[in-house]
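Colleague: need coordinates for the below:
(chains A and B, ligands or ions: 2)
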Amino acid sequence: MIRLIDICKNYVVGDTVVKALDKVSIDIKDNSFTAITGHSGSGKTTLLNIMAGYTKCDEGLYLYDNKVVNDFDSKMMTDFFRNEVGMIFQEFHLLPYLNVYENIRLPLIYQKKNIDKSFLDKQLNMVGLKGYGNFRPDQLSGGQKQRVAIARTLVSGVKVVLADEPTGALDRKNASNIVKLLADLRNYGVTVVIVTHDEKIASQAERVIVLENGHVVSK
Amino acid sequence: MWLVSNIWYHRHQFYLNIVANAMAVFLILMVSILSDNVIKSIDEQLGNLGLNVTMLQMFSSDDVNDKWFEDFINEFDIETASVYFSYNNDDHVVARCDADLGRMFSLQLRQGSFLDESDIQYNNNCTVLGSKASEKLGVSSVGDKVSINGISFKVKGILEESDDNLFVDVNESVLIPSGYDFGNNVVNRTYYFINNGRYIDGYLDEVLGEGNYLLINQSQLVNTTSLLTEMISNVLMFIASVSLLVSLIGMINSMLSNIRARTYEIGIKKAMGAGDNDIYLEFLLESFIVFTLGTLVGWILIIGFAGIINLSGLMSIRIDYYQCLSDIVKLLVTGGLCGIYPAYKASHITIMDAIRKV
Ligand SMILES: Nc1ncnc2c1ncn2[C@@H]1O[C@H](COP(=O)(O)OP(=O)(O)O)[C@@H](O)[C@H]1O
Ligand SMILES: [Mg+2]
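Modeller: Ligands and ions are numbered 1, 2, ... in the order given. Next up is the predicted model:
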């Protein structure tokens, strides 16, 4: 599904160059559940942003479904965000002025799809938020917000879900629920990649990749 | 629907835009409507006088024989004409005139009738009084006698009060047949006639001497005054346009800073699959809605303003809805154009711009 070959990414701040990723090569199989761990600053977020297509690598090759993402133009990128890869953020990133229904419907608007409310309700049931459709994000707890974010990717029907420390802002109980939800996404054929520095969470994945200073140290 | 809740959420940023925009639109429409009304009412007033009357006024009348006017009338086949020779007598004005004067200026009678041809021909001792003159002379009905220069005149008619007339002020006048000459010093020697469009300046120069007279045609006058009011309204329109421009620039500026503040929203939408085009259209539509609201408020203000002016009785304002509609369409197009650049800027914000924490 996802093949990263010798990916390098540098950040230039003033005179110093930070090598965030240095020749990272990873294969992620279709419908798998992968965890990426590593210390803070090891390059996990950078790696995920490259996989999501939010930023491009400086060197290396990114193959998605055997297509070269490096060469995508902005139209193809939009299509990529729309139908292929979705992201779950630590900070949820819901739009505060939209209610839950409107938030999870957002991807459908841009897919130009018309879907009735019962479909949205079904997705909300699935993440355990039955009856919360008309709530606004600021009326929800952190765990509930993250469920909304998960429902949003479910609704969009993307094939790969990337999660960057999705439980970072949550307590233990909520965290394990969220991870379970993410793991269950595989039942819908979704490929899941989760970034975490929580050993316990990482151990629930089929496979753990450890990053250190921009290098992959164990797969 | 989500677009509406979008705008509603950001409404605080829009209020000032709408107000500024409404003020500018109000100004523009007000100038347009007011100047339209002023021009129309001036045209109307002048038009009431009978547009085809020509006035000829003598500067130095001593050395001119009154006989010339008869010759002039014959020479140019003029059918309707009257003299108006007046002098001050106590607190009213005595004016010698012909029967045509009433017709030319559509003088309305409250009582009786105007001087007729035979009154003029036989110099009958009858008079027609302007409304103010009749009050001053204490005359209340036709048939009363008044004494003018020691001669007793019978009152034949009393005029309605008439609007200010640029040519003659008949309200103060005591009109008597033109043949009377008491030898008083005439202060105003004016001739009125309806010219059939023939060129008369050459003839008048020859008979009266160049520069000895003033010739004014009412339609000329109308043209000059409307040119003047048009000029004034153009200047006002220019000022209003500048205020619109200022408000538009302010609006573009606030839309741009608005977009900076909404980087997050734009980035998240892009992550959810919004293309550059989607964002572009969203922001364009949004600014258009804001602008339309401003225009609508301006429009409501102008209707309220016109209503208040009309109620106060200062002036009667009629709104030319077609004119306003075309003004509003023009404004909306301008507003739409203003939204283009900010919307373009918005569409180029990236997901990384939104989620970067540094
Ligand atoms: N936008 C940026 N500008 C400059 N340096 C950055 C930026 N983002 C990340 N870095 C640096 O790149 C390295 C990797 O960061 P990141 O991918 O966020 O690591 P992690 O998510 O594992 O904590 C860090 O040293 C960080 O300081
Ligand atoms: Mg990180």
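Colleague: the helices in chain A, which residues?
Modeller: In chain order, chain A shows helices spanning A:44-52, A:74-83, A:100-110, A:117-126, A:142-156, A:172-184, A:199-203, with DSSP state H as the criterion.
Colleague: want to throw those into a markdown table with mean neighbour count and mean pLDDT?
Modeller: In short, each C-beta sits where N, CA and C put it, glycine included. Converted to a markdown table, the helices of chain A look like this (neighbours: other C-beta atoms under 10 Å in any protein chain shown; pLDDT from 0 to 100):
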| stretch | mean neighbour count | mean pLDDT |
| --- | --- | --- |
| helix A:44-52 | 23 | 95 |
| helix A:74-83 | 17 | 95 |
| helix A:100-110 | 22 | 93 |
| helix A:117-126 | 15 | 92 |
| helix A:142-156 | 24 | 94 |
| helix A:172-184 | 17 | 91 |
| helix A:199-203 | 15 | 88 |
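Colleague: which of the ones you listed sits closest to chain B?
Modeller: Comparing those by their distance to chain B (C-beta to the nearest C-beta), the top pick is helix A:74-83, with 3.1 Å.
Colleague: the residue positioned nearest the centre of chain A and residue A:51, how far apart?
Modeller: When chain A is reduced to its mean C-alpha position, the nearest residue by C-alpha atoms, centre = their mean turns out to be residue A:162, at 2.1 Å. The span separating residue A:162 from residue A:51 equals 6 Å under the rule C-beta to C-beta, to the nearest Å.
Colleague: swap in residue A:137?
Modeller: Computed as C-beta to C-beta, the residue A:137 to residue A:51 distance reads 26 Å.
Colleague: ok, now residue B:300?
Modeller: With the distance defined as C-beta to C-beta, residue B:300 ends up 54 Å from residue A:51.
Colleague: in space, what's closest to residue B:176 - neighbours in sequence excluded?
Modeller: Among residues not flanking residue B:176 along the chain, residue B:127 sits closest, at 5.0 Å (C-beta to C-beta, 6 or more residues apart in numbering or on different chains).
Colleague: ok, the closest residue to residue A:166 other than its chain neighbours - contacts?
Modeller: Once its chain neighbours are removed from consideration, residue A:166 has its nearest residue in residue A:88; the separation is 4.7 Å (C-beta to C-beta, 6+ apart). Residues near residue A:88 by C-beta atoms under 8 Å, 6 or more residues apart in numbering or on different chains: A:146, A:149, A:150, A:153, A:161, A:162, A:163, A:164, A:166, A:182.
Colleague: and what of residue A:195?
Modeller: A:35, A:36, A:37, A:44, A:45, A:47, A:48, A:162, A:163, A:164, A:165.
Colleague: could I get the residues you listed as a markdown table with distance to chain B?
Modeller: As requested, those are exported to a markdown table (distance: C-beta to the nearest C-beta, whole Å):
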| residue | distance to chain B |
| --- | --- |
| A:35 | 21 |
| A:36 | 17 |
| A:37 | 20 |
| A:44 | 14 |
| A:45 | 9 |
| A:47 | 14 |
| A:48 | 11 |
| A:162 | 11 |
| A:163 | 13 |
| A:164 | 9 |
| A:165 | 12 |
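Colleague: ok, which of these also contact ligand 1?
Modeller: If you filter the contacts of residue A:195 for contact with ligand 1, counting by C-beta under 6 Å from any ligand atom, you are left with A:44, A:45.
Colleague: and the lowest-mean-pLDDT helix or strand in chain B with helix A:100-110, angle?
Modeller: Lowest mean confidence among the helices and strands of chain B (mean pLDDT, DSSP states H and E): helix B:2-9, at a mean of 74. Angle, helix B:2-9 to helix A:100-110, by axes from the mean of the first three to the mean of the last three C-alpha atoms, to 10 degrees: 130 degrees.
Colleague: for helix B:2-9, packing partners?
Modeller: Contact partners of helix B:2-9 among helices and strands, from 3 or more C-beta pairs under 8 Å, 6 or more residues apart in numbering or on different chains; DSSP states H and E: helix A:100-110, helix B:276-312.
Colleague: between the ones you listed, which gets nearest to ligand 1?
Modeller: Ligand 1 lies closest, by C-beta to the nearest ligand atom, to one member of the helices and strands packed on helix B:2-9: helix B:276-312, at 22.4 Å.
Colleague: buried residues, the closest one. List them.
Modeller: Neighbour-count burial for helix B:276-312, with 16 or more other C-beta atoms under 10 Å in any protein chain shown as criterion, is recorded at B:276, B:278-280, B:282-295, B:297-299, B:301-302, B:305-306, B:309.
Colleague: follow-up on the earlier one: name the residues that touch the least confident helix or strand of chain B?
Modeller: Where contact means C-beta under 8 Å, 6+ apart, the residues beyond helix B:2-9 that reach it are A:96-98, A:102, A:105-106, A:109, B:14, B:282, B:285-286, B:289-290.
Colleague: send me that helix as PDB with only the CA atoms.
Modeller: Listed in PDB are the C-alpha atoms of helix B:2-9, where the atom choice follows Å, rounded to 0.1, in the frame of the first residue of the first chain:
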ATOM      1  CA  TRP B   2     -22.700  24.800   6.400                       C
ATOM      2  CA  LEU B   3     -21.700  27.900   4.500                       C
ATOM      3  CA  VAL B   4     -24.300  29.800   6.500                       C
ATOM      4  CA  SER B   5     -23.100  28.500   9.800                       C
ATOM      5  CA  ASN B   6     -19.600  29.300   8.600                       C
ATOM      6  CA  ILE B   7     -20.500  32.900   8.100                       C
ATOM      7  CA  TRP B   8     -22.600  33.100  11.200                       C
ATOM      8  CA  TYR B   9     -19.700  31.800  13.200                       C
END
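Colleague: which ones are touching the residue nearest to residue B:176?
Modeller: Contacts of residue B:127 (C-beta under 8 Å, 6+ apart): B:146, B:148, B:153, B:154, B:155, B:156, B:174, B:175, B:176.
Colleague: what's the PyMOL line that selects buried ones from those residues?
Modeller: Restricted to the buried members of these, where burial is judged by 16+ other C-beta under 10 Å, the PyMOL selection command reads as follows:
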select buried, chain B and resi 146+148+153+155+156+174+175+176
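Colleague: which one in the contacts of residue B:127 is the model shakiest on?
Modeller: For the contacts of residue B:127, the model is least confident at residue B:148; its pLDDT is 88.
Colleague: could you find the closest non-adjacent residue to that one?
Modeller: Spatially, and ignoring its direct neighbours in sequence, residue B:148 is nearest to residue B:94 (6.1 Å; C-beta to C-beta, 6+ apart).
Colleague: could you say which helix or strand holds residue B:240?
Modeller: helix B:218-261 (DSSP states H and E).
Colleague: just give me how far that helix sits from the chain centre.
Modeller: From the chain centre to the centre of helix B:218-261 is a distance of 18 Å (C-alpha atoms, centre = their mean, to the nearest Å).
Colleague: likewise stretch B:6-20?
Modeller: Per C-alpha atoms, centre = their mean, the centroid offset for stretch B:6-20 relative to its chain is 38 Å.
Colleague: quick one on the thing from earlier: what is the nearest of the contacts of residue A:88 to ligand 1?
Modeller: Closest to ligand 1 out of these is residue A:164 (7.3 Å), distances taken as C-beta to the nearest ligand atom.
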